[in-house]
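S.K.: okay, sequence plus prediction incoming.
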Amino acid sequence: DVKVTQSSRYLVKRTGEKVFLECVQDMDHENMFWYRQDPGLGLRLIYFSYDVKMKEKGDIPEGYSVSREKKERFSLILESASTNQTSMYLCASRGYTEAFFGQGTRLTVV
Amino acid sequence: GENVEQHPSTLSVQEGDSAVIKCTYSDSASNYFPWYKQELGKGPQLIIDIRSNVGEKKDQRIAVTLNKTAKHFSLHITETQPEDSAVYFCAASIAAAGNKLTFGGGTRVLVKP
């Protein structure tokens, strides 16, 4: 059974903290993605990576960075968390067609 | 870049009736169109997809149609059941490794028993 695992289901962080969201996939996929999900806005792409150490900005990269040191792991970093980054964060990995998603991390910034 | 619009944002149907969700896309180079279902507390899961060389695809009670000329595609669910209640997302991309999926805004479907 294929798996994309996100390290936390729920996180509460304080404004200004540096936050790390981790994602691991076991499908040997080249491509990994971080999306943000907000009601009425669907899934918006923050960053994606098509190879180790390679990254591309998505549609809403401001306030975020990413790291991909190993093929199976893709990390999303909030450099200085703000309340407008309170959201559901979804990691996905993709081979040629189908994308597989993790269960999501609900982040609350207070 | 690609822009995907999805309608309606909410849909309430009686059990046994059909549900239809419609999406439009902007990039004529897109050639892969998946539909994802997201149940409460879970990540989205693929339920059906279609490539641009096909006009229609069916899998039991769900079907997807694609009109490349008009740049729109639709999801049809027949004989709806309470377990079909979920949020559904359409998406578009170029079916090649590395290409991002662009998602619509989602449709919350409620099937009333």
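M.R.: Okay, I see it. Numbers count the residues shown, from 1 in each chain, chains lettered A, B, ... in the order given.

S.K.: and the residue in chain B positioned nearest to chain A, how far is that from A:F100?
M.R.: The minimum distance from chain B to chain A, using C-beta to the nearest C-beta, falls at B:G43 (3.4 Å). In this view, the C-beta of every residue, glycine as well, is placed from N, C-alpha and C. The gap separating B:G43 from A:F100 is 8 Å, by C-beta to C-beta, to the nearest Å.

S.K.: shared neighbours of these two, anything?
M.R.: By C-beta atoms under 8 Å, 6 or more residues apart in numbering or on different chains, B:G43 and A:F100 have these common neighbours: A:4, A:92.

S.K.: quick one: secondary structure of the most centrally placed residue in chain A?
M.R.: Centrality entry for chain A: nearest residue to the mean C-alpha point is A:W34, 3.2 Å, by C-alpha atoms, centre = their mean. Under DSSP: H, G, I helix; E, B strand; the rest coil, A:W34 falls in the strand class.

S.K.: check the gap between A:G104 and chain B for me.
M.R.: For A:G104, the distance to chain B equals 5 Å [C-beta to the nearest C-beta, to the nearest Å].

S.K.: who's in contact with that residue?
M.R.: A:6, A:9, A:37, A:88-90, B:42-43.

S.K.: quick check on these: which are buried?
M.R.: With neighbours counted using 16 or more other C-beta atoms under 10 Å in any protein chain shown, these contain these buried positions: A:6, A:37, A:89-90, B:43.

S.K.: can stretch B:101-113 be said to contact chain A?
M.R.: Yes: if you take C-beta under 8 Å from any C-beta of the partner chain as the test, stretch B:101-113 does meet chain A, through B:101-106.

S.K.: just the pLDDT at the residue nearest to the residue of chain B closest to chain A when sequence neighbours are not counted, thanks.
M.R.: With sequence-adjacent residues excluded and distances taken as C-beta to C-beta, 6 or more residues apart in numbering or on different chains, B:G43 is closest to A:F101, at 3.4 Å. At A:F101, the pLDDT value in this model is 96.
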